[in-house]
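Engineer: build me a structure from this.
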Amino acid sequence: MDPTILQAFIPIAGLLAVGFAIFLARDVLSRDTGTKEMMEVSATINEGAVAFIKRQYLTIGGLALVGTVVIFGIISLLETAKVADTSHVGMDIGIRTAGAFLIGAACSMACGIIGMLVSVKANVRVASAARRSLVEAVQVAMRGGAVSGFLVVALSLLGVWTIFAINGGLSGGDSTKDAPFLIVGYGFGASFVALFAQLGGGIYTKAADVGSDLVGKVEAGIPEDDPRNAGVIADLVGDNVGDCAGRGADLFESTAAENIGAMILGVAVYTLAVNAHWANPTAWIFFPLVIRAFGLVSTIVAMFFIRGKEDENPMNILNRGYWVTTILSAAALALVTNVMMNTGTQTGSNGIATWVYFFGCGIVGLATSIAFVYITQYYTAGSFRPVREIAEASKTGPGTNIISGIAVGFETTAVTALTIGAALLASNWLGSQAGLHDAAGKDIGGIFGTAVATMGMLMTTAYVLAMDTFGPITDNAGGIAEFSRAEAGARDITDRLDAVGNTTKALTKGYAIASASLAAFLLFSAYIDKVNLILARQIADGTRTAAQGLMTSVNLANVNVFVAALIAAMLVYFFSSLAIRAVGTTAQAIIVEVRRQFREIPGIMDYTGRPDYARVVDITTRAALKEMMLPGIVAVATPIAVGVLLGYEAVAGMLMVGTIAGVLLATVLNNSGGAWDNAKKYVESGHLLDENGEVLGKKSFAHQAAVVGDTVGDPFKDTAGPSLHVLVKLLATITLVMAPLFIR
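Structural biologist: Numbering: from 1, shown residues only. Coordinates of the predicted model:
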């Protein structure tokens, strides 16, 4: 088969995924919307979510426009022929980079909006379906989530392919070789928007959650999502603007930035292929996009396998679809590597074809994805030891609950580090056996192997994002059922789905941090490639001596590098502090307001008085938009300042240490928060027993302790943790764009 046929499949697969998403959306919207009371609650949630997103994205859009102008100015002035990595210099490269940044930012905003709009339409239909059938409710929620999953991944694929084409990527020769370097602004724009979207949405959702839970559950003793709680609508709105809009933007920038990084690494193999006269050398650059296209098609097929029995664990139904996606992706991986990695008569070690080794790298990526799905389930699902351990600790109060949760979070770093390390070592070794060496005899297969592993892992992104959006949709459905005082059977089903949704949200964060780890290593390698390309041009032009050489390693004994690494570790913790403090500050204002309403509005507790929900929504909105600014600006400004003051090698040290610290801290925050949340659910479901075998359920002392632990975990898992995923990749995309600024 001719590789160009597979390359032509890229836009076809993207458009097919968009069409399938439209089909799923029509199916979800055609479902029953439930009772009048359910529809009223859903309309209120929709109104609050749309109002927040409109205000938030106007703010982010303004920041993006400022960023576009700044990037154009800096790149136009500083990326001269002396420090260029392509033949494009001055205003030419400035316009291309700034334009790519603006398009990436716009697409990232579109993905966030799509994720939110889908969720607010699906939630009431899931609540209605829960009155009839658990399986129907699972299918509606998953199809609603899949609309977001398919559109986000398809827009990422089509966006990168389109801007690659605009910059001459389809022309062949040097135009195709240069194009990946011209589109790095696209990844930066996506990361820029994702950071502020995740911060603002995360602050909103968790401040509302903490405020409504502490006053409602602990002080007033009323159930979660009870209509008597003035903070409950803000809480339900937060599920959509944080978990859906924020995560949609997050995974969009992940897939976009990682695609571009892999394409940049493919340029080195392209050069080798041209010199060796292999057929279709551009296939090595197109490979990441083709792999992603087949991942989308695999996920489309998997959606038809989401079915089960009424008494089945909903997680098993979702896992069935995930396994179908994974198996089909593995088969597609074999086809694509076989067709596109044609090295003629050259083979790898032991006479084995080169493509076989890279197929193995892709399988390593898929295996890493599977590992993180089940690792996260183990640490955050109520069926296993960690969550039960935290629930047991709740018997003796909030203090022991919190100690146990933090211990679980720290514990998860071991398996995370070992799994990521094993994936990088295995994929690098397999790639090094492929027999790819540049003109100087340096192995380039190892690093490209890690890129293939990253692409393999990302083949399942659409399905994983669907499972992630499943979480807030079912959470909202439970809130609507409670708020509308639906029959007990419906609430029982939504409670089961909500517990599963907590796990799917947690496993998506695990997946995101694992992909961020592999991607950060990939983007770190792309940064070194870009720097060395500039340095090599300077040596060839005589503006740099051959003795100064290229950057082949990062010397931590260099004081500039050490200081930059120290600043990187500091940034991870300082950024997290700002994000968590923002949630706490906003939650305090909500607690004061909800208490005031309980105190001053007569009849709330007996349902004869109506709380002022809009007042709490307004407080949360204003505070979230204000509080997202400082951590966002710190994250963007720090790597630029380090590069300008300390140089390009110091930036490499910053990337290395920032990635390591960010990945480990995000792991602690994500998994401890998820475990605390499901420990609370474990108690509420009546699974916790005292020494006499009596149930310690809702309103018990243990339940109050579990609620306190959950509120501690809320900003961990839904604000700081997910924002760290974006921060790790933002460091890499900023430095890719600004690399010429750091070379003096």
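Engineer: report pLDDT for R744.
Structural biologist: Looking at R744, its pLDDT is 68.
Engineer: ok, T86 next?
Structural biologist: On the pLDDT scale, T86 gets 68.
Engineer: same thing with the one 10 residues further on?
Structural biologist: The confidence metric pLDDT takes the value 88 at R96.
Engineer: next one: Q139
Structural biologist: 91.
Engineer: next structured bit after the one helix or strand P288 maps to?
Structural biologist: Using DSSP states H and E, P288 maps to helix 283-302. Downstream of helix 283-302, the first helix or strand assigned by DSSP H and E is helix 314-340.
Engineer: which helices and strands sit right next to that next one?
Structural biologist: Helices and strands touching helix 314-340, by 3 or more Cβ pairs under 8 Å, 6 or more residues apart in numbering; DSSP states H and E, are helix 3-29, helix 134-166, helix 283-302, helix 354-380, helix 445-458, helix 461-483, helix 488-541. Any C-beta I mention is one placed from the backbone N, CA and C, and that applies to glycine too.
Engineer: list the buried ones in the helix holding P288?
Structural biologist: 283-300, 302 (16 or more other Cβ atoms under 10 Å).
Engineer: mind giving me the packing neighbours of that helix?
Structural biologist: On a contact count with 3+ Cβ pairs under 8 Å, 6+ apart, helix 283-302 meets helix 3-29, helix 134-166, helix 173-182, helix 247-276, helix 314-340, helix 445-458, helix 461-483.
Engineer: 10 Å - rerun?
Structural biologist: Packed against helix 283-302 by the contact rule (3 or more Cβ pairs under 10 Å, 6 or more residues apart in numbering; DSSP states H and E) you find helix 3-29, helix 134-166, helix 173-182, helix 247-276, helix 314-340, helix 354-380, helix 445-458, helix 461-483.
Engineer: for it, the averaged confidence score.
Structural biologist: Mean pLDDT, computed over helix 283-302, is 93.
Engineer: let me see the contact set for S515.
Structural biologist: 251, 254-255, 258, 365, 368-369, 372, 454, 457-458, 460-461, 464, 522, 725, 729 (Cβ atoms under 10 Å, 6 or more residues apart in numbering).
Engineer: give the contact list for A706.
Structural biologist: Contact analysis of A706 by Cβ under 10 Å, 6+ apart lists 217, 390-391, 393-395, 398, 401, 405, 676-684, 688, 696, 698, 700.
Engineer: try it again with 8 Å
Structural biologist: Shown in contact with A706 (Cβ atoms under 8 Å, 6 or more residues apart in numbering): I390, A391, S394, N401, W676, A679, K680, Y682, V683, E684.
Engineer: same check on T474?
Structural biologist: With Cβ under 8 Å, 6+ apart, T474 has these contacts: V126, A137, A141, T494, L497, D498, V500, G501.
Engineer: may I ask which of those residues has the most neighbours?
Structural biologist: Most neighbours among these, by other Cβ atoms under 10 Å: A141, with 38 neighbours.
Engineer: and K698, helix, strand or coil?
Structural biologist: Secondary structure for K698, judged by DSSP: H, G, I helix; E, B strand; the rest coil, is coil.
Engineer: surely it touches K681?
Structural biologist: No - if you go by Cβ atoms under 8 Å, K698 and K681 don't touch, sitting 10.9 Å apart.
Engineer: between those two, which is the more surrounded one?
Structural biologist: Comparing K698 with K681 by other Cβ under 10 Å, the one with more neighbours is K681, at 24 against 18.
Engineer: quick check: which element contains the more buried one?
Structural biologist: With DSSP H and E as criterion, K681 is part of helix 648-684.
Engineer: for that helix, packing partners?
Structural biologist: Against helix 648-684 (3+ Cβ pairs under 8 Å, 6+ apart) you get helix 354-380, helix 385-393, helix 398-432, helix 488-541, helix 559-600, helix 629-646, helix 701-715, helix 721-742.
Engineer: for it, the distance to its chain's centre please.
Structural biologist: Helix 648-684 sits 13 Å away from the centroid of its parent chain (Cα atoms, centre = their mean, to the nearest Å).
Engineer: and for stretch 259-266?
Structural biologist: For stretch 259-266, the distance to the chain centre is 19 Å (Cα atoms, centre = their mean).
Engineer: over to stretch 464-478?
Structural biologist: 15 Å.
Engineer: just the buried positions in it, please.
Structural biologist: 464-478.
Engineer: so where is the stretch 601-744 of the chain shaky, pLDDT-wise?
Structural biologist: By pLDDT under 70, the weakly predicted segments of the stretch 601-744 of the chain are 744.
Engineer: thinking again about what came up before, which of the helices and strands packed on helix 283-302 sits most buried?
Structural biologist: Of all the helices and strands packed on helix 283-302, helix 461-483 carries the top mean neighbour count, a mean of 30, counting by mean count of other Cβ atoms under 10 Å.
Engineer: what's the average pLDDT for that helix?
Structural biologist: Across helix 461-483, the average pLDDT comes to 86.
Engineer: could you do stretch 574-586 as well?
Structural biologist: The model assigns stretch 574-586 a mean pLDDT of 92.
Engineer: identify each buried residue in it, please.
Structural biologist: F575, S576, L578, A579, I580, R581, A582, V583, T586.
Engineer: which of these sit farthest apart?
Structural biologist: In the buried residues of stretch 574-586, the most distant members under the criterion Cβ to Cβ are F575 and T586, with 17.2 Å between them.
Engineer: excluding its backbone neighbours, what's nearest G231?
Structural biologist: S212 (3.1 Å; Cβ to Cβ, 6 or more residues apart in numbering).
Engineer: so after the strand or helix carrying the one you found, what's the next helix or strand?
Structural biologist: Following DSSP H and E, one finds S212 within helix 184-213. Tracing the chain past helix 184-213, the next element assigned as helix or strand by DSSP H and E is helix 232-238.
Engineer: what helices or strands is that next one leaning on?
Structural biologist: Using 3+ Cβ pairs under 8 Å, 6+ apart, helix 232-238 sits against helix 36-78, helix 184-213, helix 461-483, helix 613-627.
Engineer: tell me the gap between that helix and the middle of its chain.
Structural biologist: The answer for helix 232-238 is 22 Å, by Cα atoms, centre = their mean.
Engineer: do stretch 496-509 as well
Structural biologist: The answer for stretch 496-509 is 15 Å, by Cα atoms, centre = their mean.
Engineer: likewise for stretch 505-519?
Structural biologist: A distance of 7 Å separates the centroid of the chain from that of stretch 505-519, by Cα atoms, centre = their mean.
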